[in-house]
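Peer 1: Below is the sequence, then the predicted model.
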Amino acid sequence: MSDVLAVAEHRRGELRDVSYELVTVGSQLADATGGDLHVAVVSGDVDRYAEELDVEGVDTIHTVEDGEEFNHDVYAQVVEQLYDAVDPQVLLTPNSVNGLDYGPAVANALDLTYVSDAVDVELEGSTLTATREMYGGKVETTTEVEADAVAVSIRSAEWPATEAAGDAVVESFDATIDESAVKSTVTGFEEVGGGDVDITEADVLVSVGRGIEEEENLDLVRDLADALDATLSSSRPIVDNGWLPKNRQVGQSGKVVTPEFYIAIGISGAVQHVAGMKGAENIVAINTDPNAPIFDIADYGIVDDLFDVVPALIEEFEG
Ligand SMILES: Cc1cc2nc3c(=O)[nH]c(=O)nc-3n(C[C@H](O)[C@H](O)[C@H](O)COP(=O)(O)OP(=O)(O)OC[C@H]3O[C@@H](n4cnc5c(N)ncnc54)[C@H](O)[C@@H]3O)c2cc1C
């Protein structure tokens, strides 16, 4: 019977969704080991985070008070010490900018096998099988590792978030930070272009692609987004053209989104785009080309000219 340790993530005073997805993965693994799921939350308002993280499947929440924001050197030291204290079979971290920062350092220091960017994990005895995607999602690979000492970073939006209330024990963990090893300082946080809009939080996304032809035609899809009370996002060419800021880009090199409705307008459905939106609950595609790959994953498809369809939709929803 061995335990699982997952490290939650927060940014600018809010727990990130991936924290609850880590709980989903972590409790599946803890079921397989027959052990407990420990969740750690480091720095910031840890008491509030602990309350919010008390969801089904979590046995113990370790709070570590150490500064306000993420700091590589602090996280690396804290997670190493927590690992030693909990002695888990599996260490789980998000495959995020932060997780990829301290995860490999911790794995290296503790001599753990490190598997990054897993989209599925299974544990049988002392063998962990991790699924990863390659070539922009065209190929899936499975990796088997001896799981007695393994760290796995998980891709966000691949597992449902656990939301049901739990009854975890909260314990404060006193980490001993070697200040001489803290070489980096966080001086601030800057969102990449485009203000505060976070397309990963939207319930409805109206997403536009190269089929829109001209920058001024974007107003048409903006009007549809307004009529639906939706958020505007796009494929990469729209961002590359400088018509929308980078934080609106969906896809492999953009953001992974999981809205209730994703309306793809004039988007072909290239694998690099699909990698970012395949988790949407309902996908609606508008495209003149009946063979466009987006129709392979769409729940509803309209094969028609967007310049006819979008005004008709606006009229319908505004009327
Ligand atoms: C390493 C790498 C990373 C990448 N990352 C991303 C990423 O994060 N996100 C991303 O989106 N792409 C990404 N790409 C680019 C990706 O490969 C595609 O080039 C891109 O997604 C295509 O965008 P699109 O569908 O808007 O344009 P196109 O492929 O040009 O498709 C336009 C579509 O609009 C349709 N259309 C045209 N006119 C109309 C009309 N009047 N009415 C209705 N439909 C119409 C066409 O039939 C076509 O299907 C990446 C590529 C690489 C190599």
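Peer 2: Okay, I see it. Numbers count the residues shown, from 1 in each chain.

Peer 1: Nearest residue to the middle of the chain?
Peer 2: S156 (2.6 Å; CA atoms, centre = their mean).

Peer 1: hang on, that residue is in a helix, isn't it?
Peer 2: No. Going by DSSP: H, G, I helix; E, B strand; the rest coil, the assignment for S156 is coil, not a helix.

Peer 1: Report the secondary structure state of the closest residue to it other than its chain neighbours.
Peer 2: Nearest residue to S156, sequence neighbours excluded (CB to CB, 6 or more residues apart in numbering): V18, at 4.3 Å. (Glycine included, C-beta is placed from N, CA and C.) Secondary structure for V18, judged by three-state DSSP, is helix.

Peer 1: Quick check, the residue nearest to the centre of the chain in contact with N95.
Peer 2: Yes. The pair S156 / N95 is scored as a contact, 7.0 Å apart, by CB atoms under 8 Å.

Peer 1: What parts of this protein come near the ligand?
Peer 2: Residues of the chain lying close to the ligand (CB under 6 Å from any ligand atom) are 209-211, 235-237, 249-254, 266-268, 270, 272-273, 276, 286-289, 292, 305-307.

Peer 1: Those in strands, which ones?
Peer 2: Applying DSSP state E to the residues of the chain next to the ligand, the entries found in strands are 286-287.

Peer 1: Please report the distance of A109 from V145.
Peer 2: Remark: distance between A109 and V145 (CB to CB, to the nearest Å) = 18 Å.

Peer 1: Between the two, which has more neighbouring residues?
Peer 2: The neighbour count for A109 versus V145, taken as other CB atoms under 10 Å, is higher for V145 (17 against 13).

Peer 1: With adjacent residues omitted, what lies nearest to that one?
Peer 2: That would be T113: by CB to CB, 6+ apart, it lies 4.9 Å from V145.

Peer 1: Against the ligand, how distant is the one you found?
Peer 2: Separation of T113 from the ligand (CB to the nearest ligand atom, to the nearest Å) stands at 27 Å.

Peer 1: same check, this time on E122
Peer 2: 28 Å.

Peer 1: cool, and L53?
Peer 2: L53 is 30 Å from the ligand, by CB to the nearest ligand atom.

Peer 1: how many other residues sit next to that residue?
Peer 2: 26.

Peer 1: wait, doesn't it sit right on A165?
Peer 2: No. With contacts counted by CB under 8 Å, L53 stays clear of A165, the gap being 11.1 Å.

Peer 1: Direction included, what does the particular helix or strand that has H62 in it pair up with?
Peer 2: Assigned by DSSP states H and E, H62 falls within strand 60-64. Its sheet considered, strand 60-64 pairs with strand 37-42 (parallel), strand 169-172 (parallel) by DSSP bridges.

Peer 1: which stretches of the protein aren't confidently modelled?
Peer 2: For the chain, the stretches flagged by pLDDT under 70 are 136, 191-196, 319.

Peer 1: So which residues of it form helices?
Peer 2: 17-33, 46-53, 72-86, 97-110, 218-228, 236-240, 271-277, 294-297, 306-318 (DSSP state H).
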